[in-house]
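1. Okay, predicted coordinates and the sequence, questions at the end:
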Amino acid sequence: MEPYRHFSIASYMFAYYAARATDDEIRRGMEQYLRFLPLKKVYLENHRGTIDVPVERLREIKAVLSEYGVAVSGGITSTALVDGVQKPAIFDTFCYTDPKHRAEYLRVVREAASVFDEIILDDFFFTACRCEMCIAAKGKRSWKDYRQALMRDFSREIVAEARRVNPKMNFIIKYPNWYESYQETGYNPVLQRDIFDMIYTGTETREPFFSQQHLQRYESYSIMRLMENTAPGRNGGGWIDLGGSSDNLNVWLEQAEFTVLGGARELMLFNFPALLDTSALPAMEPTLRRADRFLDRAGKPVGLKVWEPCDADGEDQLCSYLGMCGLPLELTPDFPEDAPAVLLTQRAACMPDAMEKLEAYVRRGGKAIVTTGFVRETYDKGIREMTSVRLTHRHALGGAYMIDRNDYGYAAVQYARGAEAVLFEALDYKTNATWADVLMLAGEDNFPVLTEDFYGRGRLLILNAPENFADLYRLPAEVVAAVNADLSAGLGAYLASEPKMSLLAYDNGVVCVHSFKPMLSRARLVVRGECAGLRDLERGTVYDQSLPLPGPDRRGDAAQTRTTPPERVFEVPVGPGRSAYLEILR
């Protein structure tokens with residue numbers, strides 16, 4: 001089968017299967033994979049939980065797999081029951097404080113390194129152990145500080161041990177999909193990225209509400225961008241999992257599509273036996289072939305820069321909810337000094353220099369958007385010098401909205417109503433010291449959803465995220481359009497549709513519009529600047545019917561207003577769970 005041009009396919013064979021499968025079963029599985037996909041590599045696991053695959057058996061399986069012309073690498077899952085003693089740790093992850101556990105882990109690494117030139121760690125290389133040994137070793141440090149130092153040091157130890165056994169070793173650490181919790185369990189990609197040869201990204205988004213992870217499906221793309229920016233050129237690929245997708249095959253295929261569109265050079269299918277004798281493998285090929293053809297035309301991914309430090313904490317998954325509302329995002333662990341706009345959530349406020357960076361960025365002409373969570377964390381650290389917005393710790397419930405953007409004339413004011421009421425913090429602000437671009441109307445009062453302040457040569461916007469981030473999906477299209485218009489500064493296009501649509505944008509005017517809706521829908525794509533239409537890259541259809549949107553206009557007695565490129569809105573039909581691959585015609 002013809003390989004893909006922009007990425008390759010790998011599969012992970014976990015130890016439970018490797019320990020019991022016969023050579024004939026493995027051959028049958030390989031023949032099924034190769035019938036449907038151009039499989040290039042298999043990662044063969046030697047340890048998981050209480051299962052160890054003997055070194056000799058690993059070599060035998062490696063030989064069988066090699067008959068099919070695929071590369072074979074090793075894998076380790078960092079769970080165990082050492083000496084039959086259960087530690088107080090979720091999933092029975094290793095206790096890296098305990099010398100017996102460390103010795104056992106080093107044994108597992110040595111055995112893998114004796115067979116393979118490459119090893120990947122499944123995403124259990126973390127610790128949540130609170131045994132007496134850990135409590136004593138932690139002392140007065142926080143669990144975050146103790147665990148990150150512990151895992152950094154042990155990372156160095158296992159990489160050195162693997163290279164001692166096999167100097168050709170390429171050691172990879174896979175980071176999980178739950179990046180908002182890394183700091184509490186010892187993960188820190190910035191501390192570990194230069195210890196390991198490569199990193200890898202978990203892009204399995206699973207079920208968002210019938211599981212504890214509440215991952216939104218946009219994250220299969222956004223976490224790839226975060227890890228690509230964390231270790232440029234050394235992010236080995238993205239790892240997807242059919243498990244936890246509510247047995248919805250389309251959700252799994254969506255994970256694959258978003259992973260490769262986010263820049264993955266290898267797509268890992270977890271796991272080898274689970275996909276056999278199902279419809280998953282034959283369904284994957286047309287999805288990936290479409291994405292591969294699209295990537296022939298796509299440039300470099302672009303989006304609103306989001307500062308996402310590796311020690312970040314708070315407003316978990318808010319960015320993924322915004323991505324599900326059509327805002328293209330580009331997460332990065334470093335503050336993007338040169339970006340035309342930057343988003344700072346509560347997660348960025350953990351950095352001691354967050355306010356210093358924000359204030360300097362806006363003063364020199366940047367457009368910064370901060371969330372109410374960020375304001376709360378920096379309330380007494382300088383944010384109050386940049387805005388008149390104040391926290392009241394009261395809340396208001398409403399379902400009607402007014403869009404009254406600064407620099408737009410009175411004729412552009414809009415009113416909209418959502419299907420259900422949404423709970424927001426009742427922010428206070430001073431009239432004409434701060435402007436509210438979007439307001440929620442409640443009774444005979446109103447409360448800001450998005451505010452704007454001038455500061456130095458730049459602007460500061462505050463996004464009032466609802467108490468339940470999922471309530472973003474209850475906002476009417478007019479509100480989503482206004483928020484996306486303000487937050488997409490510097491981008492050539494943005495979505496003005498109802499929530500549950502995503503926009504993946506590239507720097508050469510190529511975009512992917514994806515619908516998460518259960519029915520055929522019409523995406524409203526707003527294009528900035530002169531535009532002759534949109535071309536569907538697969539069908540050749542040209543959408544040249546559009547409506548101009550009102551631009552900035554002098555308001556009242558103002559002396560001037562901004563100048564911005566003209567905006568036109570195009571409507572494009574997008575099927576349920578489908579993507580439209582489009583080119584903006586200039």
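-> In hand now; what should we look at? Numbering: from 1, shown residues only.

2. show me what contacts the residue lying closest to residue 193 once chain neighbours are set aside?
-> Distance criterion CB to CB, 6 or more residues apart in numbering; nearest residue to residue 193, sequence neighbours excluded, is residue 231 at 4.5 Å. From N, CA and C alone the C-beta is placed, and that goes for glycine too. Listed by CB atoms under 8 Å, 6 or more residues apart in numbering, the contact set of residue 231 reads 189, 193, 198-199.

3. Could you export those as a markdown table, including secondary structure and distance to residue 214?
-> Below are these laid out as a markdown table (DSSP: H, G, I helix; E, B strand; the rest coil; distance: CB to CB, whole Å):
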| residue | secondary structure | distance to residue 214 |
| --- | --- | --- |
| 189 | helix | 21 |
| 193 | coil | 27 |
| 198 | strand | 29 |
| 199 | strand | 24 |
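
4. where along the stretch 1-150 of the chain do the helices fall?
-> Secondary structure of the stretch 1-150 of the chain (DSSP state H, counting those that start in this stretch): helices at 15-20, 23-36, 55-66, 99-113, 132-138, 143-165.

5. buried set for the second one?
-> So the one you mean is helix 23-36. 26, 29-30, 32-33, 36 (16 or more other CB atoms under 10 Å).

6. low pLDDT regions in this protein?
-> Applying pLDDT under 70 to the chain flags the ranges 246.

7. Show me the two of the buried residues of helix 23-36 that sit farthest apart.
-> The distance between the two most remote of these (CB to CB) is 16.7 Å, for 26 and 36.

8. re earlier: quick one: closest of the helices of the stretch 1-150 of the chain to residue 280.
-> Of the helices of the stretch 1-150 of the chain, nearest to residue 280 by CB to CB is helix 23-36, at 9.1 Å.

9. could you check the angle helix 55-66 makes with the closest one?
-> Interaxial angle, helix 23-36 versus helix 55-66 (axes from the mean of the first three to the mean of the last three CA atoms, to 10 degrees): 30 degrees.

10. Restricting the selection to alpha carbons, write helix 23-36 to CSV.
-> These are the backbone C-alpha positions of helix 23-36, laid out as CSV (Å, rounded to 0.1, in the frame of the first residue of the first chain):
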residue,chain,number,x,y,z
ASP,A,23,3.6,-16.3,16.4
ASP,A,24,0.7,-17.3,14.1
GLU,A,25,-1.7,-14.9,15.9
ILE,A,26,0.9,-12.1,15.5
ARG,A,27,1.3,-12.9,11.8
ARG,A,28,-2.5,-12.9,11.3
GLY,A,29,-2.7,-9.5,13.0
MET,A,30,0.1,-8.0,10.9
GLU,A,31,-1.5,-9.3,7.7
GLN,A,32,-4.8,-7.6,8.7
TYR,A,33,-3.0,-4.3,9.5
LEU,A,34,-1.1,-4.3,6.2
ARG,A,35,-4.3,-5.1,4.3
PHE,A,36,-5.8,-1.7,5.3
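
11. Mind listing residues that contact it?
-> With contacts defined as CB under 8 Å, 6+ apart, helix 23-36 is touched by 1, 11, 21, 39, 60-61, 64-65, 67-68, 70, 272-273, 275-277, 281-282, 284-285.

12. Sort out which of the residues you listed are buried, if you could.
-> Looks like the contacts of helix 23-36 have 11, 21, 39, 61, 64-65, 70, 272-273, 275, 281, 284-285 buried, using 16+ other CB under 10 Å.

13. Nothing else from me, thank you.
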